[in-house]
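Student: the following block contains a protein sequence and its predicted model.
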Amino acid sequence: MSMPEYPPPEPKKNRTLIIVAVVVAVLCCCWVGVLAIGWNFGDQLIQSLGIQL
């Protein structure tokens, strides 16, 4: 009696690259938001802190 042949198990997919890409994209979006807020309200912030340029 021969052993039945089973297909080998599929290797697990490596999702590290996808996770890193998503984290980088989120950080870039946050950075763009901070820059936009700084661009719009930077003069007011500098005046409220009393910084002379």
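Tutor: Alright, I've got the coordinates. Numbering: from 1, shown residues only.

Student: element containing the residue nearest the centre of the chain?
Tutor: The centroid of the chain falls nearest to residue 23 when counting by C-alpha atoms, centre = their mean (2.2 Å). Assigned by DSSP states H and E, residue 23 belongs to helix 16-49.

Student: just the pLDDT for the residue nearest to the centre of the chain.
Tutor: With respect to pLDDT, residue 23 scores 98.

Student: what's the spacing between it and residue 30?
Tutor: Using C-beta to C-beta, to the nearest Å, residue 23 is found at 11 Å from residue 30. The way it works is simple: take the backbone N, C-alpha and C, and place the C-beta from them, glycine included.

Student: for residue 40, same thing?
Tutor: Here residue 40 is placed at a distance of 16 Å from residue 30 (C-beta to C-beta).

Student: same question, residue 47
Tutor: Distance from residue 47 to residue 30, by C-beta to C-beta: 25 Å.

Student: low pLDDT regions in this protein?
Tutor: Scanning the chain for pLDDT under 70 picks out 1-3.

Student: using CSV, write down the CA coordinates of stretch 16-36.
Tutor: What follows is stretch 16-36 as a C-alpha-only set of coordinates in CSV (Å, rounded to 0.1, in the frame of the first residue of the first chain):
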residue,chain,number,x,y,z
THR,A,16,6.6,43.1,5.5
LEU,A,17,7.0,45.2,2.4
ILE,A,18,3.2,46.0,2.4
ILE,A,19,3.2,47.0,6.0
VAL,A,20,6.3,49.2,5.6
ALA,A,21,4.8,50.9,2.6
VAL,A,22,1.5,51.6,4.4
VAL,A,23,3.4,53.1,7.4
VAL,A,24,5.5,55.3,5.2
ALA,A,25,2.5,56.5,3.3
VAL,A,26,0.7,57.4,6.6
LEU,A,27,3.7,59.2,7.9
CYS,A,28,4.0,61.1,4.6
CYS,A,29,0.4,62.2,4.8
CYS,A,30,0.9,63.4,8.4
TRP,A,31,4.0,65.3,7.4
VAL,A,32,2.2,67.0,4.5
GLY,A,33,-0.6,68.0,7.0
VAL,A,34,1.9,69.4,9.4
LEU,A,35,3.5,71.4,6.7
ALA,A,36,0.2,72.7,5.4
